[in-house]
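**Q** need a 3D model of the following:
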Amino acid sequence: MQVGPRNLITDVPGLRVGNAQDHNLKSGTTVLLGDAPFVASVSVMGGAPGTRETDLLEPDKLVGQIDALVLSGGSAFGLDAATGVQERLRQNRRGFEIGPAVIPIVPAAIIFDLLNGGDKDWDRNPYYNLGLQAYDTACENFDIGTAGAGTGALSAMHKGGLGSASYVLDSGHTVGALVAANPIGAVTQPDSRHFWAAPFELDGEFGGFGVSPQTGITSPAPSRKVAAMSRFGTVPHAAPTNTTIAIVATDAPLSKAECKRLATAAHDGMARAIMPSHTPHDGDLIFALSTNSRTAEPPADLMSLGNAAAHCLSRAIARAIYCATPADGDLLPCWQEDT
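**A** Numbering: from 1, shown residues only. All right, here's what the predicted structure looks like:
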């Protein structure tokens, strides 16, 4: 496997990503669009998810293709970003057709970023407009780090962010990952700048520090995130103030059931990059999609695609934290400035 030309999920042909953010709010939204509707499913392994229209992504449900996926900050308020995206799609006559009616299908997931120092005292929910803005900016090249849905993200020890990565497999199929990393867990080893995802790093994409010599680690370091949030009042260590949400994509032809398996396999990448992950207090979720745009031989190998998706997601999570940039009022340091 080798890195795609952009090292972004948009190395999968036919995909575009748009970001919108409000740095005063310390939050934002990210939308993934396709040139055409795509097959998708989802796997939820966290205990506190916030979602929209995920039930219809199960293999036994009617709708076979969807029009967009949305990742957003804002906790439950952020689900309104998908309404903005849906409105743009409706204006463009994109969606599920029932006679003359066109219904855009836009599943979404959110992270909790309401206690990160941003101004959340809005008069009207801002996420609908952020969804419109994200749709309007969608393109093949997009920012990662402090951008889009990752703008206000926090990990246990460092500022979180939006990450992406890609692989081109020996078969010629492309796999990409996109993630808003806001976990209760840490992405680096205790008292270390070494990323848990270090074994999967390519071309120094998140600092090139390599693998830490530490072994026998059984407990995480005390969370800076929990301590920082305590300034807003009592925040229990186990409060649901977290969540990592992701999309993995491929151009290999997959059914909805196979996308479900791809999403499930990709969770291995989350577990390898974040310690701990899939807790009762994270809403950890992965969408998986196929554009079905590469149908020539050889046929897709779902085991190889799942392995690539997991490794790709680990790299995207580390890149999210590595590429985060400082801003006024931040609660936690960025990895780049934490010496």
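
**Q** and the helix or strand hosting residue 267, what does it pack against?
**A** Assigned by DSSP states H and E, residue 267 falls within helix 256-273. Contacts defined by 3 or more CB pairs under 8 Å, 6 or more residues apart in numbering; DSSP states H and E place helix 256-273 against strand 27-44, strand 245-250, strand 285-290, helix 302-322. Bear in mind the C-beta positions are built from the backbone N, C-alpha and C, glycine included.

**Q** straight-line length of stretch 195-204, end to end?
**A** 12 Å (CA to CA, to the nearest Å).

**Q** check which residues of it are buried.
**A** 195, 196, 197, 198, 200, 201 (16 or more other CB atoms under 10 Å).

**Q** of these, which pair is most distant in space?
**A** 196 and 201 (10.9 Å; CB to CB).

**Q** who touches both of these two?
**A** In terms of CB atoms under 8 Å, 6 or more residues apart in numbering, residue 196 and residue 201 are both contacted by the residues residue 318.

**Q** what pairs with residue 33 across the strands?
**A** residue 16, residue 68 (DSSP bridges).

**Q** next one: the one 10 residues further on
**A** Taking DSSP bridges, one finds residue 286 as the beta-bridge partners of residue 43.

**Q** still on that earlier bit, buried sites along the helix holding residue 267?
**A** 256, 258-273.

**Q** what of stretch 165-185?
**A** So stretch 165-185, judged by 16+ other CB under 10 Å, has buried residues 165-169, 171, 173-185.

**Q** let me see the mean pLDDT of it.
**A** Per-residue pLDDT over stretch 165-185 has a mean of 95.

**Q** show me what contacts residue 275?
**A** 185, 186, 196, 217, 220.

**Q** rewinding a little: can you list the buried residues of stretch 195-204 in CSV and add distance to residue 112, secondary structure and pLDDT?
**A** Shown next, in CSV, are those (distance: CB to CB, whole Å; DSSP: H, G, I helix; E, B strand; the rest coil; pLDDT from 0 to 100):
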residue, distance to residue 112, secondary structure, pLDDT
195, 23, strand, 94
196, 22, coil, 94
197, 23, coil, 95
198, 27, helix, 94
200, 27, helix, 96
201, 28, coil, 95
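
**Q** would you list these in TSV and tack on distance to residue 318?
**A** Compiled in TSV, the buried residues of stretch 195-204 are given as follows (distance: CB to CB, whole Å):
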residue	distance to residue 318
195	4
196	8
197	4
198	8
200	8
201	7
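
**Q** ok so, going back, which members of the contacts of residue 275 are the farthest-apart pair?
**A** 185 and 217 (12.3 Å).

**Q** flag every buried residue along the helix or strand of the chain with the lowest mean pLDDT.
**A** Ranked by mean pLDDT, DSSP states H and E, the helix or strand of the chain with the weakest confidence is helix 224-229, at a mean of 82. For helix 224-229, burial by neighbour count (16+ other CB under 10 Å) applies to 224, 225, 226, 228, 229.

**Q** what residues are up against the fourth one?
**A** Residue 228 makes contact with 154, 331, 332 under the criterion CB under 8 Å, 6+ apart.

**Q** neighbour-wise, which of the residues you listed leads?
**A** residue 154 (33 neighbours; other CB atoms under 10 Å).

**Q** and it, backbone torsions?
**A** Main-chain torsions, residue 154, degrees, to the nearest 10: phi -140, psi 140.

**Q** quick one: the helices and strands packed on helix 256-273 as a markdown table, columns for mean neighbour count too.
**A** What follows is these, written out as a markdown table (neighbours: other CB atoms under 10 Å):
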| stretch | mean neighbour count |
| --- | --- |
| strand 27-44 | 25 |
| strand 245-250 | 31 |
| strand 285-290 | 28 |
| helix 302-322 | 26 |
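
**Q** Serialize those to JSON lines and add fields for distance to residue 130.
**A** Formatted as JSON lines, those follow (distance: least, CB to CB, whole Å):
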{"stretch": "strand 27-44", "distance to residue 130": "4"}
{"stretch": "strand 245-250", "distance to residue 130": "16"}
{"stretch": "strand 285-290", "distance to residue 130": "19"}
{"stretch": "helix 302-322", "distance to residue 130": "19"}
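
**Q** mean pLDDT and distance to residue 131 for these - can I get that in a markdown table?
**A** Putting these into a markdown table (pLDDT from 0 to 100; distance: least, CB to CB, whole Å) gives the following:
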| stretch | mean pLDDT | distance to residue 131 |
| --- | --- | --- |
| strand 27-44 | 96 | 6 |
| strand 245-250 | 98 | 15 |
| strand 285-290 | 97 | 16 |
| helix 302-322 | 96 | 21 |
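
**Q** which one of the ones you listed lies nearest to residue 129?
**A** Comparing those by CB to CB, strand 27-44 comes nearest, at 9.3 Å.

**Q** helices or strands up against the closest one?
**A** strand 15-22, strand 66-72, helix 80-91, helix 127-136, strand 174-181, helix 256-273, strand 285-290.

**Q** send the alpha carbons of that strand over as CSV?
**A** Extracted C-alpha coordinates of strand 27-44, given in CSV (Å, rounded to 0.1, in the frame of the first residue of the first chain):
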residue,chain,number,x,y,z
SER,A,27,-17.0,24.6,16.7
GLY,A,28,-17.8,23.7,13.1
THR,A,29,-19.1,21.2,10.6
THR,A,30,-17.7,18.9,7.9
VAL,A,31,-19.7,17.5,5.0
LEU,A,32,-18.7,14.7,2.6
LEU,A,33,-20.4,14.7,-0.8
GLY,A,34,-20.2,12.5,-3.8
ASP,A,35,-20.5,13.2,-7.5
ALA,A,36,-23.3,10.7,-7.4
PRO,A,37,-25.2,8.9,-4.6
PHE,A,38,-23.2,6.3,-2.8
VAL,A,39,-23.7,3.1,-0.8
ALA,A,40,-23.1,3.4,2.9
SER,A,41,-23.5,1.8,6.3
VAL,A,42,-22.5,2.5,9.9
SER,A,43,-21.1,0.9,13.0
VAL,A,44,-21.6,2.4,16.4
